[in-house]
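Undergrad: Fold the stuff below for me.
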Amino acid sequence: MDQTPKSKLDLTRLRARIAEKPRTKAGQIRQAWPDIKALFDAGHSLKDIWMWLNEIGIEIGYARLSHYTGQLKRRDQSAALADVVPAFIEHPGTSDGTLPGTGEGASREIRTTHEKLPAPDDPLANVREREDRRTGFQYNSEPDVKKLI
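TA: Take a look at the predicted model:
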């Protein structure tokens, strides 16, 4: 292939734009996400992080920041889950439920993560889960006569 200057890519101008402030609010939050995540891990509240972001020039509303950080947290969790579930499927474990060559803590983490996934063939799994978590008064149209006062 011809090695003239036209055949090579000059990525220096593109790489120089990495440090520039993104045009959109979502892009600005994505760019700052590693630092925002570190602040969350250090125990800072979203309100404090929101104030600090506005001080440094990322003018964003609190509700919008909450929405974006929730999306980024879910993206990180799904990426972590995508790494854990294939490892569980590739190494189905032993008869006692532990993974071969791992400690019990690792196998428990993988098992509980795997159990949280709804069955793909059950379209009403989310409805049943929500019904199980209901709090407050629940009307029973056919009460047990023995349990009535």
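
Undergrad: from the chain's centre, how far out does the longest helix anywhere in the chain sit?
TA: Selection of the longest helix in the chain by residue count, based on DSSP state H, yields helix 62-90. Computed by C-alpha atoms, centre = their mean, to the nearest Å, the chain-centroid distance of helix 62-90 equals 2 Å.

Undergrad: so what secondary structure elements neighbour it?
TA: Helix 62-90 sits against helix 25-41, helix 46-55, helix 104-115, with contacts defined as 3 or more C-beta pairs under 8 Å, 6 or more residues apart in numbering; DSSP states H and E. To be clear about C-beta, it is placed using only N, CA and C from the backbone, and glycine gets the same treatment.

Undergrad: list the helices and strands the second one packs on?
TA: Packing contacts for helix 46-55, counted by 3+ C-beta pairs under 8 Å, 6+ apart, involve helix 25-41, helix 62-90.

Undergrad: May I have the shortest one as CSV, with CA atoms only?
TA: Taking only C-alpha atoms (Å, rounded to 0.1, in the frame of the first residue of the first chain), the coordinates of helix 25-41 have been written out as CSV:
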residue,chain,number,x,y,z
LYS,A,25,-25.1,18.2,29.3
ALA,A,26,-25.2,14.4,29.1
GLY,A,27,-21.8,14.4,27.5
GLN,A,28,-20.4,16.7,30.2
ILE,A,29,-21.7,14.4,32.9
ARG,A,30,-20.3,11.3,31.1
GLN,A,31,-16.9,13.0,30.8
ALA,A,32,-17.0,13.8,34.5
TRP,A,33,-18.5,10.4,35.5
PRO,A,34,-15.3,8.8,36.9
ASP,A,35,-14.8,11.8,39.2
ILE,A,36,-18.5,11.9,40.1
LYS,A,37,-18.5,8.2,40.9
ALA,A,38,-15.5,8.6,43.1
LEU,A,39,-17.3,11.3,45.0
PHE,A,40,-20.3,9.0,45.5
ASP,A,41,-18.0,6.2,46.7
